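A.B. asks: no FASTA, just this:
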DNA sequence: CTGAAAGCGCTAACAA
DNA sequence: TTGTTAGCGCTTTCAG
């Protein structure tokens, strides 16, 4: 172990309390001794061990974030911004990746609880509510994503897809599209439901239509988009426009479309959700429903901060808006929906 | 604060030592009391606070990783794999992002030291060696990237670019390329030097040539690639092939190339370094020098684990190999290097 | 087999 | 202004 306050105290011939006071800039200490001790500290390069501080005051200044897929740029950017907010206040971020595995999610929660982190942002929310209560019981506030419900100590940040999705559908309708397909996210995740509900609501509201075989499940990754799109291509007819649960999925669709010579947007319009960085870089640039990572991260932080000490208070419901970003992957509907060959 | 061993002890009418023994599965405890206490623990849902454990035994079971750019997929994947290795052993990962700022790097190191993490993987290694010694002095092992030097307690993982880069140059030469440009990384980072040195060595070794105006600095990001390429385009002549410090840079080049109607690889061959996931997805798929994230992460872990207790031992030098992945962004050199119009 | 006590490194209440 | 002491929550000798 490294050097401790008591040893410094011994060297300086004072008590550990004085050392502590110097370190923390208390003014109940003579200028002379302060200087002397500061020099000593520099000399022996003493660095206090703040684990002890945290044990003492009950706070660890560490927050946890549980992410379903760290390679998804949306989450990466979110983590980055969230971490930035934390370090501003000398806090730190523990990152846990679950790869969409329920057991890894549970395990991450368990470890965060053992560590007594000061708060958990749970972005891998699954349908079967896991043991979030255990955290709250131990005075750890939690913020979840897209669960659309709160409880004592547990806040929730939802993305308000509805307005944006309606805009998107109106936009597609104005382009002449009538038949829209949808590639959703993995079914176990709450946000998948939020996204598909928003899609169906908007479809109805804008007087458009879809059909069962055009609704396929993806996995929020590029490969899932490609695979799902293959399924849709296997149908007798195909939609003239396709909305996907996230941008990566859309990119997967575009990739498959390219490879079979389908032109975008002439033959098929595609739109995603998220607006990750590469969406503006792929060819053609992707029309998408943007979710601001800055706002999202800020709300996560706020939810955790607001929870404060009293976790018997019900958590808050936060909503981050979406905005439609129109690029080149969407265009006028082809004259009539063509058959897929093969 | 939540419930503690002592309270449990009081409830059960035993001592805290006994509770501790039950929790840790010691066999010096009667089956009967063990059962009784276990039930009690379940009943009151007691969860031990492992901060205290860590304070006691001097280990935090937390590792830190310092990353220059968390949105770079190479690092994201690395972090993900590294985190996976850690959780296998009930360890955790503190992530710090520096955005290439020296002061944020220093600050991250300072915080990791205050926390007394059990090891630090420092992937944002800058040229001016920062205060790594302070960590070692406090018994925290460190592993750096591409510094090509080790010292007591500080290991280093280099990417062995040389073999792969030579392969790549030989490959380009065989395609008829003679004049190769290079877009490097930000100059402050040690890995930039490693990458450019490998490039120049290989150029010489394969009897190829470059010229000063074709050597431009990028920033490891897409936009930097685009900007750097613009500079190269401004030259009277341009190279027939371009190698970049990483894939993101290459993608930036491709983007710019597209936008001015330059065909890849017919008019210009492009190759990157890293082999991130999207490199196989962009159009055309990118030829690149692959660095295995799995091997890389494993070596980081190994370096930290091997350091063990005795940090007076010199660190090890590790090397992860690269392999040339040939895709569609490279092809035969155009008949003669054309002038750029404009 | 179980308990008492000390201690990890620090801070804060209380005394001096 | 400085020191003494207790204690954060746990484990671990050492007694019993």
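C.D. replies: Thanks, I have it. Quick caveat: nothing in here was measured; it's all calculated off a predicted structure. Numbering: from 1, shown residues only, chains lettered A, B, ... in the order given.

A.B. asks: residues near residue A:213, how many?
C.D. replies: Residues lying near residue A:213 (other Cβ atoms under 10 Å in any protein chain shown) number 15. From N, CA and C alone the C-beta is placed, and that goes for glycine too.

A.B. asks: leaving aside the residues next to it on the chain, what's closest to it?
C.D. replies: If the residues on either side of it in the chain are set aside, residue A:213 comes closest to residue A:235, at 4.7 Å by Cβ to Cβ, 6 or more residues apart in numbering or on different chains.

A.B. asks: doesn't that neighbour fall inside a strand?
C.D. replies: No - secondary structure assignment (DSSP: H, G, I helix; E, B strand; the rest coil) places residue A:235 in coil, not in a strand.

A.B. asks: who does residue A:271 bridge with?
C.D. replies: With DSSP bridges applied, the residues forming beta bridges to residue A:271 are residue A:243, residue A:287.

A.B. asks: near it, how many other residues are there?
C.D. replies: Applying other Cβ under 10 Å, we find 27 other residues in the vicinity of residue A:271.

A.B. asks: cool, residue A:201 as well?
C.D. replies: Look at residue A:201: counted by other Cβ under 10 Å, it has 15 neighbours.

A.B. asks: wait, it touches residue A:165, no?
C.D. replies: Yes - judged on Cβ atoms under 8 Å, residue A:201 makes contact with residue A:165 at a distance of 7.2 Å.

A.B. asks: the residue nearest to residue A:213 contacts residue A:214, doesn't it?
C.D. replies: Yes - applying Cβ under 8 Å, one finds residue A:235 in contact with residue A:214, separated by 6.9 Å.

A.B. asks: compare neighbour counts for the two and give me the winner.
C.D. replies: Just comparing residue A:235 and residue A:214: by other Cβ under 10 Å the higher neighbour count belongs to residue A:214, 19 against 16.

A.B. asks: which ones are touching the nearest residue to that one once chain neighbours are set aside?
C.D. replies: If the residues on either side of it in the chain are set aside, residue A:214 comes closest to residue A:181, at 3.4 Å by Cβ to Cβ, 6+ apart. The contact partners of residue A:181, taken as Cβ atoms under 8 Å, 6 or more residues apart in numbering or on different chains, are A:210, A:214, A:215, A:216, A:232, A:238, A:239, A:241, A:242, A:243.

A.B. asks: assign residue A:181 to helix, strand or coil.
C.D. replies: Applying three-state DSSP to residue A:181 yields a three-state assignment of strand.

A.B. asks: what's around residue A:223, how many residues?
C.D. replies: Other residues lying near residue A:223 total 16 when counted by other Cβ under 10 Å.

A.B. asks: my guess is it is in a helix, correct?
C.D. replies: Yes - when three-state DSSP is applied, residue A:223 is found to be in a helix.

A.B. asks: measure the closest residue to it other than its chain neighbours to residue A:275 for me?
C.D. replies: Nearest non-adjacent residue to residue A:223, counting by Cβ to Cβ, 6+ apart: residue A:252, 6.1 Å away. Relative to residue A:275, residue A:252 is positioned 16 Å away (criterion: Cβ to Cβ, to the nearest Å).

A.B. asks: name the residue in the two with the higher neighbour count.
C.D. replies: Taking residue A:252 and residue A:275 together and counting by other Cβ under 10 Å, residue A:252 has the greater number of neighbours (28 against 24).

A.B. asks: now the strands for the stretch 51-200 of chain A?
C.D. replies: Assigned strands in the stretch 51-200 of chain A, in chain order: A:62-67, A:92-97, A:119-122, A:142-145, A:154-160, A:180-184 (criterion: DSSP state E, counting those that start in this stretch).

A.B. asks: the fifth one - what's its average pLDDT?
C.D. replies: For strand A:154-160, the mean pLDDT works out to 97.

A.B. asks: got the buried residues for that strand?
C.D. replies: Of the residues in strand A:154-160, those scored as buried under the neighbour-count criterion (16 or more other Cβ atoms under 10 Å in any protein chain shown) are A:154, A:155, A:156, A:157, A:158, A:159.

A.B. asks: and the nearest residue to residue A:263 once chain neighbours are set aside, what's its pLDDT?
C.D. replies: Spatial nearest neighbour of residue A:263, excluding adjacent residues (Cβ to Cβ, 6+ apart): residue A:257 at 7.8 Å. The confidence metric pLDDT takes the value 96 at residue A:257.

A.B. asks: looking at it, residue A:257 is touching residue A:266, isn't it?
C.D. replies: No - using Cβ under 8 Å, residue A:257 and residue A:266 do not qualify as a contacting pair, with a distance of 10.7 Å.

A.B. asks: who has more neighbours, the two?
C.D. replies: Neighbour totals were compared for residue A:257 and residue A:266, and residue A:257 leads with 20 against 10 (other Cβ under 10 Å).

A.B. asks: pick out the residue nearest the middle of chain A.
C.D. replies: residue A:75 (4.7 Å; Cα atoms, centre = their mean).

A.B. asks: residues contacting that residue?
C.D. replies: For residue A:75, counting by Cβ under 8 Å, 6+ apart, the contacting residues are A:67, A:68, A:69, A:123.

A.B. asks: which one of these is nearest to residue B:333?
C.D. replies: Distance to residue B:333, by Cβ to Cβ, is smallest for residue A:69 among these, at 40.3 Å.

A.B. asks: what about the helices in chain A?
C.D. replies: Shown for chain A, the helices assigned by DSSP state H span residues A:5-12, A:16-23, A:31-44, A:50-57, A:73-87, A:102-115, A:132-137, A:161-174, A:190-205, A:222-233, A:247-259, A:293-307.
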